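[1] show me how the following folds:
(one chain, ligands or ions: 2)
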Amino acid sequence: MKLYNFLSRQIEEFKPIGKTVNLYTCGPTVYDYVHIGNWRTFVFEDILKRVLTFNDYEVKHVMNLTDIDDKIIIKANEKKIPIQEFTEKYAKAFFADLSKLNILPADIYPRATESIDSMVDLIQKLLNKGIAYKGEDGIYFSVEKFPGYGKLSGLDRKNLKRGARVDSDEYDKESWTDFALWKFPPSHKASEGKSLREPSWDAPFGAGRPGWHIECSAMSIAELGDPSIISGRKLENFRTIDIHTGGVDLLFPHHENEIAQSEAATGKKFVNYWMEGEHLLVEGEKMAKRLGNVYTPADIKKKGIDPLALRYLFLSAHYRSKLNFTWESLKAAQNALNNLRGEISNWEVPKIGCAEFEGKFKEAICDDLNMPQALAVMWEMVKSDYPASAKHQSILKMDEVLGLGFPDLKKIELPKGTKELIEKREELRKQSEFEESDKLRKELLEMGVEVEDTAKGPKWRIKK
Ligand code: AMP
Ligand code: ZN
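    Residues are numbered from 1 along each chain as shown. Ligands and ions are numbered 1, 2, ... in the order given. Just a heads-up that it's a prediction; the model follows:
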């Protein structure tokens, strides 16, 4: 299978290192409800995992939960509640929405606050190597000391501002400076005016809390770098991770910094394939909490739309293309999904399958996850003259990747008395009694059943 690798900016043949593919996906920062922009990235990652599994790879998937960072501290302080209580509410909501979107759970969800030991080890290693240094308000990574800095984002080293530092977790491409690995509590800080209450952990280099970027380096190394690494302690045993993903906004500085920290500490290549999903937009702008243009799965449900329609909408665009969100497009996705469900509910018991379409489907998904093409192949098959039982068999196979929940579609029962009316109507039609048959169509509609006449006889579906 072929995947686009952001490191080489090319489509490459995917070659895993071992039998099991190690996959690390940057998880949510649990400081608010996860919005559908975030979900677009998480659905892309779910598709990636399903395609790997479809190709008979075993996958070990780790997704972190960022439960400590600048934003969390600010918001928990505003609400005057302990950090853990604050983040737990959103973590719970995240897991509930995950299953509504039919996303397969990761093998491990390490939380940053439970992985501090690994972070401390990693930072200590960087200090020992002289790549990290102590500033007045924290421990910093010296970008100048890592010659490979910029290799993922493709930025020029000329951007480097010698001696400049940022302690903020997020910053733009202009400030290519040393970044904080560890932040001392506010009282240690030279700059006053920061009176936020922050959690703090002991460390040989001074109590404090981690910066955001070190969290992912430490958790991915600890969980995936090598089965023999416990909490990242044997960093020299580190084994390169196969795939690391996130949304494109993480490319810089987050993923660039992850590479710098990890490779400087282990001396080995951190990740082979970097995959970054494009953004969900609203009226041409990135969906983002700070812009106030976000919707959540709960907003979607409030409008009577199935969260799986959102999944369908995401599948209709390639993960490396921007997707502009509109309610109209979501409603169109819901209609398409309803039509598909209607078709399937009329199909006979699955048997044999359509090899031709299954082959084309696999070709599409293995071409850098070309899901719009895969959906087109699926629809071509649905509309084809293959026997319904064969189409049924194939669509269940395809759904292993699409994840639209078709296996869960129980044979939908017709409301009482309607089966007889459908049969009676068909008899009338055969005798060209169209006025009478139209009356029955209306009667059926009132009973919640929509009937469509096709060359192969009447097809029905339950009206939503
Ligand atoms: P966060 O909780 O902000 O750390 O984001 C979680 C994931 O969602 C990251 O992989 C982000 O890159 C991704 N993300 C954030 N905003 C969007 C968006 N508008 N469209 C797609 N992905 C996004
Ligand atoms: Zn991350």
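[2] quick one, what contacts whichever residue of the stretch 151-300 of the chain sits closest to ligand 2?
    Closest contact between the stretch 151-300 of the chain and ligand 2, by CB to the ion, is at C216 (3.2 Å). For glycine as for every other residue, the C-beta is placed from the backbone atoms N, C-alpha and C. Taking CB atoms under 8 Å, 6 or more residues apart in numbering, we find C216 in contact with Y24, C26, N64, H254, E258.
[3] narrow those to those in helices?
    Using DSSP state H, the members of these that fall in helices are E258.
[4] also near ligand 2: which of the contacts of C216, exactly?
    Contacts with ligand 2 within those, counted by CB under 5 Å from the ion: C26.
[5] which among the contacts of C216 gets closest to P199?
    Lowest distance from P199 to the contacts of C216 (CB to CB) belongs to N64, with 17.2 Å.
[6] enumerate every residue touching the closest one.
    Neighbouring residues of N64 by CB under 8 Å, 6+ apart: Y24, C26, G27, Y109, P110, R111, A112, S115, E215, C216, M219, S220.
[7] of these - the most surrounded one?
    Counting neighbours by other CB atoms under 10 Å, E215 leads the contacts of N64 with 31 neighbours.
[8] any chance of the contacts of N64 in a markdown table, with distance to E400 too?
    Below are these laid out as a markdown table (distance: CB to CB, whole Å):
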| residue | distance to E400 |
| --- | --- |
| Y24 | 23 |
| C26 | 25 |
| G27 | 24 |
| Y109 | 23 |
| P110 | 27 |
| R111 | 30 |
| A112 | 32 |
| S115 | 32 |
| E215 | 32 |
| C216 | 29 |
| M219 | 28 |
| S220 | 27 |
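[9] keep only those of these that are also close to ligand 1.
    Taking CB under 6 Å from any ligand atom as the test, ligand 1 is in contact with C26 out of the contacts of N64.
[10] okay if I get the contacts of N64 as TSV plus pLDDT, distance to N335 and secondary structure?
    Output for the contacts of N64, formatted as TSV (pLDDT from 0 to 100; distance: CB to CB, whole Å; DSSP: H, G, I helix; E, B strand; the rest coil):
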residue	pLDDT	distance to N335	secondary structure
Y24	98	36	strand
C26	98	33	coil
G27	97	32	coil
Y109	97	35	coil
P110	96	40	coil
R111	96	40	strand
A112	96	41	helix
S115	93	44	coil
E215	96	41	helix
C216	97	39	helix
M219	94	41	helix
S220	95	40	helix
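[11] any idea which of the contacts of N64 is closest to K75?
    Nearest member of those to K75, counting by CB to CB, is A112, at 15.6 Å.
[12] surely that closest one and A222 touch.
    No - at 11.6 Å, A112 does not count as touching A222 under the criterion of CB atoms under 8 Å.
[13] mind checking pLDDT for the closest residue to ligand 1 within the stretch 201-350 of the chain?
    Nearest residue of the stretch 201-350 of the chain to ligand 1 (CB to the nearest ligand atom) works out as G247 at 2.2 Å. At G247, the pLDDT value in this model is 97.
[14] and the residue lying closest to K322 once chain neighbours are set aside, backbone torsions?
    Once flanking residues are discounted, K322 sits nearest to E278: 5.0 Å by CB to CB, 6 or more residues apart in numbering. For E278, the backbone dihedrals (degrees, to the nearest 10) come out as phi -70, psi 170.
[15] which ones are touching E278?
    Contacts here follow CB under 8 Å, 6+ apart; on that basis E278 touches G247, V248, Y319, R320, S321, K322, L323.
[16] of the residues you listed, which is the most crowded?
    Y319 (26 neighbours).
[17] and it, that's in a helix?
    No - under DSSP: H, G, I helix; E, B strand; the rest coil, Y319 sits outside any helix and is assigned coil.
[18] ok, and the closest non-adjacent residue to it?
    Closest residue to Y319 apart from its sequence neighbours, by CB to CB, 6+ apart: F44 at 4.2 Å.
[19] which parts of this structure are helices?
    36-54, 70-79, 83-100, 116-128, 212-220, 256-266, 297-302, 307-315, 327-345, 355-365, 371-383, 388-402, 418-430, 434-446.
[20] dump the ones you listed to a markdown table, plus distance to D156.
    Converted to a markdown table, the helices of the chain look like this (distance: least, CB to CB, whole Å):
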| stretch | distance to D156 |
| --- | --- |
| helix 36-54 | 27 |
| helix 70-79 | 28 |
| helix 83-100 | 37 |
| helix 116-128 | 24 |
| helix 212-220 | 21 |
| helix 256-266 | 13 |
| helix 297-302 | 40 |
| helix 307-315 | 34 |
| helix 327-345 | 38 |
| helix 355-365 | 36 |
| helix 371-383 | 34 |
| helix 388-402 | 39 |
| helix 418-430 | 69 |
| helix 434-446 | 65 |
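[21] winner for burial among those helices?
    helix 212-220 (a mean of 28; mean count of other CB atoms under 10 Å).
[22] that one to helix 70-79, inter-axis angle?
    Helix 212-220 runs at 110 degrees relative to helix 70-79, counting by axes from the mean of the first three to the mean of the last three CA atoms, to 10 degrees.
[23] which parts of this protein sit against ligand 2?
    Proximity of the chain to ligand 2 (CB under 5 Å from the ion) is limited to residues C26, C216.
[24] before we move on, the earlier item: is it true that the residue of the stretch 201-350 of the chain closest to ligand 1 touches W39?
    No - the criterion here is CB under 8 Å, and G247 misses it with W39 at 10.7 Å.
[25] from ligand 2, how far off is the closest residue to R429 other than its chain neighbours?
    Distance criterion CB to CB, 6+ apart; nearest residue to R429, sequence neighbours excluded, is S437 at 4.7 Å. In this view, S437 and ligand 2 are 61 Å apart by CB to the ion, to the nearest Å.
[26] ok, now which ones touch S437?
    With CB under 8 Å, 6+ apart, S437 has these contacts: R425, L428, R429.
[27] want to throw the residues you listed into JSON lines with pLDDT?
    Compiled in JSON lines, the contacts of S437 are given as follows (pLDDT from 0 to 100):
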{"residue": "R425", "pLDDT": "93"}
{"residue": "L428", "pLDDT": "92"}
{"residue": "R429", "pLDDT": "90"}
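[28] out of those, which comes closest to ligand 2?
    Comparing these against ligand 2 with CB to the ion places R425 closest, at 58.6 Å.
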